[in-house]
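Trainee: missing the sequence, but the structure's below:
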């Protein structure tokens, strides 16, 4: 199970305000925030760096890893993944969870900025409705200009103090926009007809420039001379700021995406990709300047994997569901690398499907490690099954997880039956309670021990077995359980 701990109070510094942080978050999350880096807890029973939450006991959880969720402004919160068993998390576990956390941060930031844009757009529509009747009229023959009250209010001017004229209005237009507005007005006066303009003009009260949208029409006389100009003007400052917020949002997303150490992709609602981050272009070695239209994914993906990947993607796309796949992708050096891809559907505020956002991780090293482990396990099983001894494995809790073929032959029972408590039925009834107590006393010691007990073969023969239990540890020193080796010493007895 995974979860994230929500945003801290505004301006809270986890290092400076450690007590406040601990009051707001679970202990593992607080510790991760305090050191500003991922935290792995191999076993709750041996953890000493912080006090694990009571949630772990309540849900039977033993190990966890926590990473920080970043957004454009810093740390948003913490994402945790927990396991019911003690587990030594590897580097690729942390890398994958951090990739998910980065995506969570991106989606949260995008959602927040999209909400700001929607609010700004709504305000713009209200302003536009209120100011839609700002009217002006210019008699070019008399050079008289009429403004209605709404236009005076729009610009913060007083009808008793400001005289509308071209010479008075032009200096109020932003210097960067003034040449363009002059050129457009002069062109319309030569050609007649209508045009639309957007420009900045100084607001008299606030002293700031606002954006105006103006629709104007010029009337020519029979000789082609401009004699009249009229128009409507409205304040579009809110809309322009909304567009700026959206543009900044897109730029921030691209900045985050292009600096991510893994591949990120996005699609439109039709399922076609429109964005691949810099890591994807660098991985594939393709020319980003040619755009996605030049990309043929069927030439990049391994032919054996392509049908399954497309089936998975189309099935998820039709259901608007999450998508996951593992496949081989050709790297820029021509080598195929194993990729883990995950994608989630994107929806607008009104629930409209907008496409997918996803990421790709290179898991080749993990695949090689899994393959090596599988080969190692197969070699061990072949060796154990050929051995003339009773061999079994128990986990750290004392539960049997493996019996070799000799054990199955001795009990005349399949492994699944032995794992389900079947071996205890082989133990002589008078020795069962003693054997259970011996296990209990030695299990927590993590040390090698030996013992003898009587067992009843499937044919009813009573045998004396000498057993040695050797502890198993992983490369990090975590206790994994015991290897049990039993030898029939009936002849010696």
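Mentor: Arrived safely. Since the model is a prediction, treat every value here as computed from it, not as a measurement.
Trainee: what are the ranges of the strands in the stretch 1-150 of the chain?
Mentor: Applying DSSP state E, counting those that start in this stretch to the stretch 1-150 of the chain gives strands spanning 2-5, 39-41, 63-71, 74-83, 134-139, 144-147.
Trainee: and what of the stretch 151-300 of the chain?
Mentor: According to DSSP E, counting those that start in this stretch, the strands that the stretch 151-300 of the chain contains are 193-202, 209-220, 226-235, 263-267, 273-276.
Trainee: If you count neighbours, what's buried in the last one?
Mentor: Of the residues in strand 273-276, those buried under the neighbour-count criterion (16 or more other CB atoms under 10 Å) are 273, 275-276. All C-beta atoms are positioned from the backbone trio N, CA, C, and that covers glycine.
Trainee: by contact count, what packs against whichever strand or helix holds residue 468?
Mentor: Per DSSP states H and E, residue 468 falls inside strand 462-473. Using 3 or more CB pairs under 8 Å, 6 or more residues apart in numbering; DSSP states H and E, the elements in contact with strand 462-473 are strand 390-395, strand 449-456, strand 479-488.
Trainee: a markdown table for the ones you listed, including mean neighbour count and mean pLDDT?
Mentor: Output for the helices and strands packed on strand 462-473, formatted as a markdown table (neighbours: other CB atoms under 10 Å; pLDDT from 0 to 100):
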| stretch | mean neighbour count | mean pLDDT |
| --- | --- | --- |
| strand 390-395 | 20 | 88 |
| strand 449-456 | 16 | 91 |
| strand 479-488 | 19 | 89 |
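Trainee: between the strands of the stretch 1-150 of the chain, which gets nearest to residue 382?
Mentor: For the strands of the stretch 1-150 of the chain, proximity to residue 382 was assessed by CB to CB; strand 74-83 is nearest, at 29.9 Å.
Trainee: residue nearest the centroid of this structure?
Mentor: Residue closest to the mean C-alpha point of the chain, counted by CA atoms, centre = their mean, is residue 103 at 2.4 Å.
Trainee: contacting residues around that residue?
Mentor: Going by CB atoms under 8 Å, 6 or more residues apart in numbering, residue 103 touches 264, 344, 357-359.
Trainee: And it, how far from residue 271?
Mentor: Using CB to CB, to the nearest Å, residue 103 is found at 19 Å from residue 271.
Trainee: same question, residue 489
Mentor: The gap separating residue 489 from residue 271 is 69 Å, by CB to CB.
Trainee: coming back round to it: any idea of the mean pLDDT in the strand holding residue 468?
Mentor: Averaged across strand 462-473, pLDDT comes to 90.
Trainee: Next, the angle strand 449-456 makes with it.
Mentor: Strand 462-473 runs at 140 degrees relative to strand 449-456, counting by axes from the mean of the first three to the mean of the last three CA atoms, to 10 degrees.
Trainee: who touches strand 462-473?
Mentor: Contacts of strand 462-473 (CB under 8 Å, 6+ apart): 390, 393, 428, 442, 446-457, 479-490, 492-493.
Trainee: Now, of the contacts of residue 103, which are buried?
Mentor: The neighbour count (16+ other CB under 10 Å) marks 264, 344, 357-359 as buried among the contacts of residue 103.
Trainee: for those, which one is nearest residue 58?
Mentor: Distances from residue 58 to those, taken as CB to CB, are shortest for residue 344 (28.9 Å).
Trainee: Once you drop chain neighbours, what's closest to the closest one?
Mentor: Spatially, and ignoring its direct neighbours in sequence, residue 344 is nearest to residue 322 (5.2 Å; CB to CB, 6 or more residues apart in numbering).
Trainee: That neighbour is in contact with residue 356, isn't it?
Mentor: No. Look at residue 322 against residue 356 with CB atoms under 8 Å: they stay out of range, at 9.1 Å.
Trainee: So for these two, which sits in the more crowded spot?
Mentor: Using other CB atoms under 10 Å as the criterion, residue 322 and residue 356 rank with residue 356 on top: 23 against 12.
Trainee: on that earlier part again, look up phi and psi at the residue nearest to residue 344.
Mentor: phi -70, psi 150 (degrees, to the nearest 10).
Trainee: repeat for residue 460
Mentor: Main-chain torsions, residue 460, degrees, to the nearest 10: phi 90, psi -10.
Trainee: Would you enumerate the residues in contact with the residue nearest to residue 344?
Mentor: With contact set as CB under 8 Å, 6+ apart, residue 322 has these partners: 316, 342-345.
Trainee: same deal with residue 63?
Mentor: By CB under 8 Å, 6+ apart, the residues touching residue 63 are 40-44, 82-83, 85-87, 89.
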